[in-house]
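> Build me a structure from this.
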Amino acid sequence: MYSTQVQNGLYLIQKNGKQLLTPGGTAVKSSIKVLAERLVTDLECYGEDPGDPVSLVAFHYSMLDYFVDAPIKTIQCQLTDSFDPEWDWTLTCPTAYPHNMFKWWELFGMNGSNVEKGLEWLETLSMMQLCAVTIVTAYTGSVNIAFIVATVLNKSDLKKFVKEVNKWNKFESQSDLLKVFENYLFYFNEGAEP
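Purely as a prediction, here's the structure:
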């Protein structure tokens, strides 16, 4: 049903032999072969709904419809504003009980210790990476989590991190949260500047 066709160095995604379009009317394409292949796989598995980041479609459709032509500084500023305890639930520990407080700090950083590093990190990201960070921030309610997953966490600890995060903020499904993080890391790393 879905396939890729190479044209002028781009991988065009087709549905039943016709060019696939995003909800915004943009041709679904990529210059990255592995990304195009993963998109085809996720389209077959999850369909074309761009609203659920359990599918890579949510990341790439957002990139094509909203981020490609946006000023990079605007996106950086929006994410910078999110590194605030008022907007990011992980930046304020909800308990004064020492045992739980130490667990919180171990998981999310102590009293916003990631904020300064995170703000510097945002300045270094490509537009594709900023798109990925925005998607995960919206899904989890935390730009700090996006920062931790991309920079601090070992990929081998991802399942444990999901389980620990879920203890503090119940997500519908731990397996979905894990898949979102896996998509995030894939899209973030594929979007890194060479």
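> what helices or strands is the lengthiest helix in the chain leaning on?
Counting residues, the longest helix found in the chain (DSSP state H) is helix 174-190. The contact analysis (3 or more CB pairs under 8 Å, 6 or more residues apart in numbering; DSSP states H and E) places helix 174-190 against helix 33-46, helix 56-62, helix 127-140, helix 158-168. For glycine as for every other residue, the C-beta is placed from the backbone atoms N, C-alpha and C.
> among these, which is nearest residue 26?
helix 56-62 (8.1 Å; CB to CB).
> so how far is the closest one from its chain's centroid?
Computed by CA atoms, centre = their mean, to the nearest Å, the chain-centroid distance of helix 56-62 equals 9 Å.
> before we move on, back to that, buried residues in the longest helix of the chain?
Neighbour-count burial for helix 174-190 flags 177-188, 190 (criterion: 16 or more other CB atoms under 10 Å).
> and what of stretch 63-76?
For stretch 63-76, a neighbour-count test (16+ other CB under 10 Å) marks 63, 64, 65, 67, 75, 76 as buried.
> Please tell me how far the last one sits from residue 154.
With distances taken as CB to CB, to the nearest Å, residue 76 is found 26 Å from residue 154.
> need the contact list for the residue nearest to residue 159 when sequence neighbours are not counted.
Spatially, and ignoring its direct neighbours in sequence, residue 159 is nearest to residue 178 (6.2 Å; CB to CB, 6 or more residues apart in numbering). Residues in contact with residue 178 (CB atoms under 8 Å, 6 or more residues apart in numbering) are 158, 159, 162.
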